[in-house]
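Asker: pasting the structure only:
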C-alpha cells in the first residue's frame, strides 16, 4: 500500500461537502502513490468506490442511503469527473469482502461470506471466485435475515431480523435491558451511570476487564449470530466466513460460542467444511477491495493468493 | 422427450435391488429413444443421475441418505458400469432446479432458487447462469434454515427449521393439532376420522372442496414459507423462486399469502425484482435436469432459452 487516507463522512454538511472531501483525499493518495512508488500519471488507472447501498453498478448511482441521505446520487460520475479518472462503484460490504479475499483473511478461498457487524450488519458474497451481486445488485443483505419470525422489532419494520439482535446498537440495547433489570456489572461505572453511552465497544471492553455480565451478553450475541451464520452455511456451503467490526475485539468470547452454535444448527456436511475467522484487514478491507473491484471491472478476474503462499 | 419411466424406490429391498431397477429403466428408456428418435447407439452419450445428498460429485458417491439407507455408496460408477455408458451424479434438488431453468418455469432467468416441498424441503441454486454447489457439494440446504430459533422441533434435532413448519409432514402435523383442539373442518370426514392419514395433499384437497380451516392451515404455511423465501431473496437477490411439490396444488391459497409475507419481510429492492412461481415440470424436473447436468459436465454450459422465446 502506497497511500491511505481516512476521514469521517460528516454527511450533515451535505452531499457536495462529502464528495469534495473524497476527491481531495483521492488526489492526495495519488500524490503519495506517485512519490512513494515512483509512478507516472499514466500508471494511475482509476478509482474504485465502495458505498452503502442499494446502488446500481451499471449507472454508478447510489439509489438510497438512509444514513447519508443520498437518493439517486450519481456518485461514480461525480468522482470520476472531479478526479479526471475512470471510476467504478460497488456496495461497501461487497468491497470489504473482496478486500479480505484478495489480501486478507479470505486469501485462497473459492467461496466466502463476509459479515460486518456495525451500526447494521452488512454482508458480501464471493462465490466460486467472484463477487456475487444478484439480479439487481442487492445480494448479501444478511442483516435482514429473519432468525425469529415473532422476535425483536428491527429498524426496518419487521420482527426478528439478525440485525435486531447482533448489530452494535442491538448488542448495547440488550446489555442495557439486563442492567435495568439489576444485573451486576462493571458497565454502569464505565459510563458513569449513563446507560445511553453504552455501545457494543463498551461491552467488549468490559469483557476484557473481566466482567461476567458483559461476557454473558456477548455469548448471547454469539448465539444469535451463530443462528444467522448457520443459515448462511446451510444455504451456501462456503469455505470461509470472515467476521469484521469492532465487536470482534471480544475475540474468543464471541468466536467460541459462535462456532458452537453453528455446529449445533448448520447442516453438518457444510459446517465441517467451513472455517469462521475474524477479519485481517479491519477498516482497510473496504478500500483494498474497492481497488480490487476497479481492477476486476477493467482488467478481468483477479486471483486470490493461497493463505499457504 | 423421447422416453420416460418412473417407479417407486422401494429401498426396503436393499441397494442392489434399487440399482438393478434403475439400470433396467435406463436401458428401456434408451430403447425408446432409439426407436422414437431413430438414434444410433453412438448418439446416446451418457447418464445423468440425481440423488438425495449429501454426495461427492467428484467420486460420484452418495455419502449418506437417511431415507434410502445408503452410506458412501458409489452410485455413479455402479450405474455407469451396468449400463455401459458414462454417468454424472448430482443432488436431486439441484437437478430439479436445473430442469426448471433449462426447460421449465425458470427459462431465461440468470439467478434462481428452486424449492421443493415434500417429505423434506429441498433447495437448488442457479447463480449467474450456473448451478452453485458450494465448497463440498452441500449448498442449498434450505429446509434447515432457522426461521424461529426457539421454535418447533425439527427431525434434524434443532429448533425452528423451515422444514419443521412447511414440509409435507409438518403441514399435516399442524393441521392435526388444530383438529385435536376442536377446529371445524371437512378433514376428519375425508380420512374417516383417522388423523394419521392426513397429509399435506389432504389439506390441499380440503381447500379445493371449500374447507376454511384447511385454507387457514395453508395460509399459515405460506407465512412460514414466506419467511424462509424472504431470507433467500434478501441474501441472494434472485430473479426467480420456483416452488414445486404436491402442496403447490393449493395454488393461490399458497402463493398469495407467500408473496405477501415476502413483500413484508424481504429487503425491498430484492423483493421487487423477484418473481415467485410454481414449477412447470413437476415431477419431471429432476430427470430433465439430470440430463442437462450430464450435458453440462461433458460438453460445457447450456443456455436457458428466454421465456419470451
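Answerer: Yep, it's here. If you're wondering where the values come from, they're calculated on a predicted model, not measured in any experiment.

Asker: drop to CA atoms for contacts and neighbour counts, all remaining ones
Answerer: Fine.

Asker: Pull the number of nearby residues for residue A:12.
Answerer: Using other C-alpha atoms under 10 Å in any protein chain shown, residue A:12 has 11 neighbouring residues.

Asker: Quick check: the gap between it and residue A:26.
Answerer: The gap separating residue A:12 from residue A:26 is 21 Å, by C-alpha to C-alpha, to the nearest Å.

Asker: does residue A:138 really touch residue B:270, like I thought?
Answerer: Yes - Residue A:138 is in contact with residue B:270 according to C-alpha atoms under 8 Å; the separation is 5.8 Å.

Asker: list residues touching both of those two?
Answerer: Common contacts of residue A:138 and residue B:270, defined by C-alpha atoms under 8 Å, 6 or more residues apart in numbering or on different chains, comprise B:234, B:237.

Asker: Distance check, residue A:76 against residue A:59.
Answerer: 8 Å.

Asker: For those two, indicate the residue with more neighbours.
Answerer: The neighbour comparison of residue A:76 against residue A:59 (other C-alpha under 10 Å) goes to residue A:76, with 23 against 13.

Asker: give me the residue from chain A nearest chain B.
Answerer: In chain A, the residue found nearest to chain B is residue A:148; the distance is 4.0 Å by C-alpha to the nearest C-alpha.

Asker: What does the pLDDT read for that residue?
Answerer: pLDDT, residue A:148: 96.

Asker: And the one 4 residues further on, by the same measure?
Answerer: What the model reports as pLDDT for residue A:152 is 95.

Asker: burial count for it?
Answerer: Residue A:152: 17 neighbours (other C-alpha under 10 Å).

Asker: what does residue A:84 give?
Answerer: With other C-alpha under 10 Å as criterion, residue A:84 counts 13.

Asker: quick one, helices of chain A?
Answerer: In chain A, the segments counted as helices under DSSP state H are A:15-37, A:75-83, A:92-103, A:163-166, A:168-180, A:187-190, A:200-208, A:212-236, A:252-265, A:268-272, A:285-299.

Asker: With residue B:196 as the reference, name the closest of the ones you listed.
Answerer: helix A:252-265 (29.3 Å; C-alpha to C-alpha).

Asker: now what about that closest one, what contacts it?
Answerer: With C-alpha under 8 Å, 6+ apart as the criterion, helix A:252-265 contacts A:215, A:218-219, A:221-223, A:225-227, A:229-230, A:248, A:271-272, A:276-277, B:146, B:158.

Asker: make it 7 Å
Answerer: Under the contact criterion C-alpha atoms under 7 Å, 6 or more residues apart in numbering or on different chains, helix A:252-265 has outside partners A:215, A:218-219, A:222-223, A:225-227, A:229-230, A:248, A:271, B:158.

Asker: dump the residue contacts of the spatially most central residue of chain A.
Answerer: Taking C-alpha atoms, centre = their mean, the centroid of chain A lies closest to residue A:116, which sits 3.0 Å from it. Neighbouring residues of residue A:116 by C-alpha under 7 Å, 6+ apart: A:122-123, A:243-245.

Asker: ok, which pair from the contacts of helix A:252-265 is furthest apart?
Answerer: Using C-alpha to C-alpha, those span at most 26.5 Å, a distance reached by A:248 and B:158.

Asker: When these two are compared, which one has more neighbours?
Answerer: residue A:248 (21 against 18).

Asker: From the contacts of residue A:116, pick the one nearest residue A:204.
Answerer: residue A:245 (11.6 Å).

Asker: Any residues of the stretch 151-300 of chain A in contact with chain B? List them.
Answerer: Contact residues, the stretch 151-300 of chain A versus chain B (C-alpha under 7 Å from any C-alpha of the partner chain): A:158, A:227, A:231, A:234-239, A:265, A:267, A:269-270, A:273.

Asker: ok, back up a step: would you mind giving the contacts of residue A:116 as JSON lines with neighbour count and pLDDT added?
Answerer: Converted to JSON lines, those look like this (neighbours: other C-alpha atoms under 10 Å in any protein chain shown; pLDDT from 0 to 100):
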{"residue": "A:122", "neighbour count": "26", "pLDDT": "93"}
{"residue": "A:123", "neighbour count": "25", "pLDDT": "96"}
{"residue": "A:243", "neighbour count": "22", "pLDDT": "98"}
{"residue": "A:244", "neighbour count": "26", "pLDDT": "96"}
{"residue": "A:245", "neighbour count": "20", "pLDDT": "93"}
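
Asker: TSV for those residues, including distance to residue B:110?
Answerer: Listed next are the contacts of residue A:116 as TSV, based on distance: C-alpha to C-alpha, whole Å:
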residue	distance to residue B:110
A:122	24
A:123	21
A:243	29
A:244	30
A:245	33
